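Peer 1: Turn this into a model:
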Amino acid sequence: MLNNLQNLRALAAYSVVVYHCLMRFVTPGDPIGRAYLDLPSGGVDLFFVISGFVMVHTTRDDEKPYWFATKRVARIVPLYWAATAIVIAMVLLRNWIFPNVQISVESIFSSLFFIPHADASGKAFPILGVGWTLNYEMMFYALFAISLFLPTAWRLIAVISMITLVWLTATIAKAANLGGSSVVADFYAHPIIFEFAAGCIIAHALRMPSVIAFVRATPMWPIALAGFAGFLLLPALAPAGTSTVLRYGAPAVLVVFATAAQDLYRAPARESFVTRLGDASYSAYLLHPIVIAIMGQAALLTVGTGLFAEGVILVATLVVTAVISLCSMKYFEKPTAAFLRNRVRPQRSLAGH
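Peer 2: This next block holds a predicted model:
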């Protein structure tokens, strides 16, 4: 296991947890100031670069597109659908818990099948808000699966080309305003999708003899440190409105390269509690908005509002998310994924895959 990379996954997941706590409960009048609270959102950019790397690193050269897609669906869909169902139930019981969620046949269908659609605020968020990143992930997995039809030597070029084609098509449609304002075009015209390509390039680079020799001869911590420094400095130095790809994507590339290289060719980290949190990062990512909503109501009833209450919510959310994510991974996420893979495997064998 790539333990350093798993530790990085944990950092990315819990950065997003902190970000959503801050965005929901910290007011502009707090001492920190809301303008400085965007930094933890860079965890999403780390996730996207890691995802691109992991897909290339873990996919065998003889992997069949059908089996790759099966594994991805089995990994992603069950927990996402379960968490979406929980949010739907919470909104039906207390619609003010998630005020921007609209429950309709269209919103449910779009959310469950990874189709970008607008919520009550007009933004492209599914019923489970954090699922917007899965819309990008599933797009990337579909393109990656298509690339597996090609010889190994052509797959990287194919993935990058297809990602570029998606972005160009969406950008042209957005510019032309085809059919009026298009949520789908706006969504896929975001350059954040190129972070998947960056992760794929890192994985391919780390197979090149010259890069391997460089890694073995060069400490990786200065590169990682430069990446983390970029996370801290670029948001402050970049002009207002600068794309997150520049503010967080570029540093994420440095951090993921250094972390993966350390695991592969230098001194990998030992497995630890943080590694386990990284293994459960998908559960933490999907379930923490539900935890935040519950913790917020519990804190309101027990400690009221204010800076102290916000601190209580943050700490409680981190602890409860960690516990629930570890339980979810062990008792739901991995068993359901294994069940679905095993249900499909006999058909896969009969089909000669």
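
Peer 1: contacts, neighbours, all on C-alpha from now
Peer 2: Will do.

Peer 1: ok, residue 51 - contacts?
Peer 2: By Cα atoms under 8 Å, 6 or more residues apart in numbering, the residues touching residue 51 are 196, 199.

Peer 1: Over to residue 226?
Peer 2: Neighbouring residues of residue 226 by Cα under 8 Å, 6+ apart: 251, 254, 255.

Peer 1: The second one: neighbour count?
Peer 2: In other words, residue 254. For residue 254, the neighbour count with other Cα atoms under 10 Å is 21.

Peer 1: before we move on, back to that, okay if I get the contacts of residue 226 as CSV plus secondary structure?
Peer 2: Converted to CSV, the contacts of residue 226 look like this (DSSP: H, G, I helix; E, B strand; the rest coil):
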residue, secondary structure
251, helix
254, helix
255, helix
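
Peer 1: check which helix or strand covers the most centrally placed residue in the chain.
Peer 2: Central residue of the chain (Cα atoms, centre = their mean): residue 47, 4.4 Å from the mean position. Using DSSP states H and E, residue 47 sits in helix 43-58.

Peer 1: Quick one: distance of that helix to the chain centre.
Peer 2: Here the centre of helix 43-58 is set off from its chain's centre by 8 Å, with Cα atoms, centre = their mean, to the nearest Å.

Peer 1: Packing partners of the helix or strand following it?
Peer 2: The helix or strand immediately downstream of helix 43-58 is helix 65-93, counting by DSSP H and E. Secondary-structure packing of helix 65-93 (3 or more Cα pairs under 8 Å, 6 or more residues apart in numbering; DSSP states H and E): helix 105-112, helix 132-147, helix 281-302, helix 334-350.

Peer 1: who's in contact with the shortest one?
Peer 2: Among residues not part of helix 105-112, those counted as contacts by Cα under 8 Å, 6+ apart are 80, 81, 84, 116, 117, 126, 127, 128, 131.

Peer 1: By neighbour count, which bits of it are buried? Give me those.
Peer 2: Buried residues in helix 105-112, counted by 16 or more other Cα atoms under 10 Å: 107, 108, 110, 111, 112.

Peer 1: Count the neighbours of the closest residue to residue 255 other than its chain neighbours for me.
Peer 2: Among residues not flanking residue 255 along the chain, residue 224 sits closest, at 4.6 Å (Cα to Cα, 6 or more residues apart in numbering). A count of nearby residues for residue 224, using other Cα under 10 Å, gives 21.
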